[in-house]
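J.: coords please:
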Amino acid sequence: MKAVERLAFFLRAALTLALMTVGALALLLAALLTAFRFPRFYRETIVAALGDWTLALWKVRFVVHQDRPFPEAQTIYISNHTSTIDMFVLVALRLPNARFFLSGFLRKLLPLGLIGYLIGIFWTVPQSFPEKRTEIFKRAARTLRRTGESVYLSPEGERVTTGEVGHFNKGAFHLATDLKVPIVPFFIAVPRKADPGKGLNARAGTVHVYVKPAIDTSAWKLEDLTANKERIRAMFTGWNKEHRS
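T.: Coordinates of the predicted model:
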């Protein structure tokens, strides 16, 4: 990285941290003034705006390709996960009344931890803690059944930077089987020149989000969990091949 590029990166990184900090404090103030009663408002206004501003700071645009609006009814959203950019695109999408699953590691970053607490993030643990993960997903299912909220999570569970679709975990499909609500998948295509992978140094470019038709899960059974998981992973593999070609 050249000296000028390095300086630009550090300036943008510092501004991003400042933006997240100010945003977290603004969100806390809004939550206090509204007695913590409107998490959907917090997610779809303040946090979504943080996503927009952060992407603009790094000169990243995104275009959504869809033939109908995101549903207002309870839905499970899933996507591939290839880049750090994804997180900011996801909140900027303003998925209706949707909560998110995120790695519990991000709670250690104080602004993100505060934002996550205020908007109701479901914090996950690594696959090496299966019992804890099971309890997290059971608790999430109980919460979502009670609130009727939608939720987003990536079946890959982590950023996959190989250019291929990674292994799919079962959590999203357990939730769908339990709640009997549709899955809406979307494929996120980050241009190679803009993609920081697991890093932070995003470059200018346009991300394309391809929203696919909803998948009915009303007849799903637990004994078909693995088959359903692999069937949907095959869909993502096909979309990935189409995009790469």
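J.: Point out where the protein drops to low pLDDT.
T.: 1 (pLDDT under 70).
J.: Show me where it has its helices.
T.: 3-33, 39-41, 48-57, 85-92, 110-119, 130-147, 171-179, 225-244 (DSSP state H).
J.: Those: which one's closest to Arg159?
T.: Ranking the helices of the chain by proximity to Arg159 (C-beta to C-beta) places helix 85-92 first, at 7.5 Å. No exception for glycine: its C-beta is placed from N, CA and C like everyone else's.
J.: how many neighbours does Tyr77 have?
T.: By other C-beta atoms under 10 Å, the residues close to Tyr77 number 24.
J.: Show me the beta-bridge partners of the closest residue to it other than its chain neighbours.
T.: Once flanking residues are discounted, Tyr77 sits nearest to Tyr152: 4.2 Å by C-beta to C-beta, 6 or more residues apart in numbering. Per DSSP bridges, the residues bridged to Tyr152 are Tyr77, Phe100.
J.: distance of Tyr152 from Arg159?
T.: Relative to Arg159, Tyr152 is positioned 15 Å away (C-beta to C-beta, to the nearest Å).
J.: Over to Val63?
T.: Relative to Arg159, and taking C-beta to C-beta, Val63 is found at 21 Å.
J.: so Asp195 makes contact with Val89?
T.: No. Taking contacts as C-beta atoms under 8 Å, Asp195 lies outside contact range of Val89: 12.0 Å.
J.: Surely Asn169 touches Phe137?
T.: No. At 9.9 Å, Asn169 does not count as touching Phe137 under the criterion of C-beta under 8 Å.
J.: For Glu230, list the residues it contacts.
T.: By C-beta atoms under 8 Å, 6 or more residues apart in numbering, Glu230 lies in contact with Phe168.
J.: before we move on, back to that, out of Val63 and Arg159, which sits in the more crowded spot?
T.: Arg159 (20 against 10).
J.: show me the contacts for the more buried one.
T.: So Arg159 contacts His81, Thr82, Ser83, Thr84, Asp86, Gly197, Lys198 (C-beta under 8 Å, 6+ apart).
J.: please redo it, this time with the cut-off set to 10 Å
T.: 80-87, 103, 166, 196-199 (C-beta atoms under 10 Å, 6 or more residues apart in numbering).
J.: repeat for Arg231
T.: Phe173, Ile215, Asp224.
J.: Give the buried subset of the residues you listed as a PyMOL selection command.
T.: Restricted to buried positions by 16 or more other C-beta atoms under 10 Å, the PyMOL selection for the contacts of Arg231 reads:
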select buried, resi 173+215
